[in-house]
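# attaching a predicted model along with its sequence, questions to come.
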Amino acid sequence: MNAEPIRTIAEAKAIVIEELTRARAVGGSIAVAQLAIYNRLRDAGQIDVAELLMIHERMSMANDPSSKPSVTIHVKDSTVGNIVFDSVVTSINASVTALAQKDASGAEFANALKELTDAVTSTSELRSDQKKGVLDALELVGKQAEESPNNRKMTILGPVLDSIPKLLSSAASLVSLWHNLGPQILAFFGLS
Amino acid sequence: MLPTNFDFLASENPELKVAVTRLGEWARKHKDWKIIDPIAVSREIKDVDPFLLSYTLHLLVARGLFRQVYMIMTPSGVLAGEPVDDPNKIPKRVSDGFDQSFDRDDGVIVPILEPIAR
């Protein structure tokens, strides 16, 4: 592939972005605009450009604060039964980043939280709804860890922490991981 | 399982070397994922031009490592419906998986890459 197709595609991309911007400015539907652009390119014999632009537009949404990240894919009897918990994981990662910069205790907690989060998102031992439950719990744990000890809602946090090993119970590898990381997480909150 | 070795693209397209390398690292990190939503890539790989990442994913589809399908994202951020190979095939009304339906035109069409078993 030489530079020529990229330049051509870049020009097409600019057209699409311009049209999407115009559609949003007049309150038009994003899906309708996407289809109109896709179909025009396809009808012009540029299906490859149309497919590429759909990918690129999706990537560009990562920098659009008004766009909502995908959370769950609900597909029955489909190979696309996996999940993309972007918003929750992004939130947890924000906590990890903030805590890692605080002090040694925060850094240790942040490492444990990140390792657990990565393991949950990548495991195949949990169903998507189970992953969602664990990640929601870890998100709350991360947010409470960012609070000063006096501002933490321990009456909520305690039961949530108690629930995590139960939520992980159907995934043997995660139960083992919790045995290793759980004490660090509990100790951070003074619960060990 | 996601494929993780895209080095052949870098040798054929030197201008994509950085994008290919970073995408390979990303895929190894998430090798247990069953699909790729491109937004997940761009959220983690912030030091590479998103267009080059998009182009790299596009080439991986063209080379038969992935299949590009489309789903609809509800206004609340849930990907719904059955994946289809043409966005025009997304029904006008789609179930959100919670036994509620919504208008396709109220959502956002999302391209999804499914790995092709080799």
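Sure thing, it's come through.

# B:Leu53 against B:Ser42, yeah?
Yes: counting by C-beta atoms under 8 Å, B:Leu53 does reach B:Ser42; the two are 6.3 Å apart. (Glycine included, C-beta is placed from N, CA and C.)

# give me the more crowded residue out of these two.
Ranked by neighbour count (other C-beta atoms under 10 Å in any protein chain shown), B:Leu53 and B:Ser42 place B:Leu53 first, with 24 against 21.

# how near is the more buried one to chain A?
Using C-beta to the nearest C-beta, to the nearest Å, we find B:Leu53 at a distance of 6 Å from chain A.

# spatially nearest residue to that residue, not counting backbone neighbours?
In space, and not counting its chain neighbours, B:Leu53 is closest to B:Ala19: 5.2 Å by C-beta to C-beta, 6 or more residues apart in numbering or on different chains.

# circling back to that earlier point, joint contacts of B:Leu53 and B:Ser42?
A:Met59 (C-beta atoms under 8 Å, 6 or more residues apart in numbering or on different chains).

# mind checking pLDDT for residue 1?
You didn't say which chain, so I picked chain A. Here the pLDDT value assigned to A:Met1 is 37.

# oops, wrong one, chain B.
82.

# I figured it hits B:Lys31, correct?
Yes: look at B:Met1 against B:Lys31 with C-beta under 8 Å: they come within range, at 5.9 Å.

# still on that earlier bit, what about the helix or strand that the residue nearest to B:Leu53 is a member of, distance to the chain center?
Using DSSP states H and E, B:Ala19 maps to helix B:17-29. With C-alpha atoms, centre = their mean, to the nearest Å as the basis, helix B:17-29 stands 14 Å off its chain's centre.

# OK, contacts around the residue nearest to B:Leu53?
B:Ala19 touches B:48-49, B:52-53, B:55-56, counting by C-beta under 8 Å, 6+ apart.

# how about 6 Å then?
B:48, B:52-53, B:56 (C-beta atoms under 6 Å, 6 or more residues apart in numbering or on different chains).
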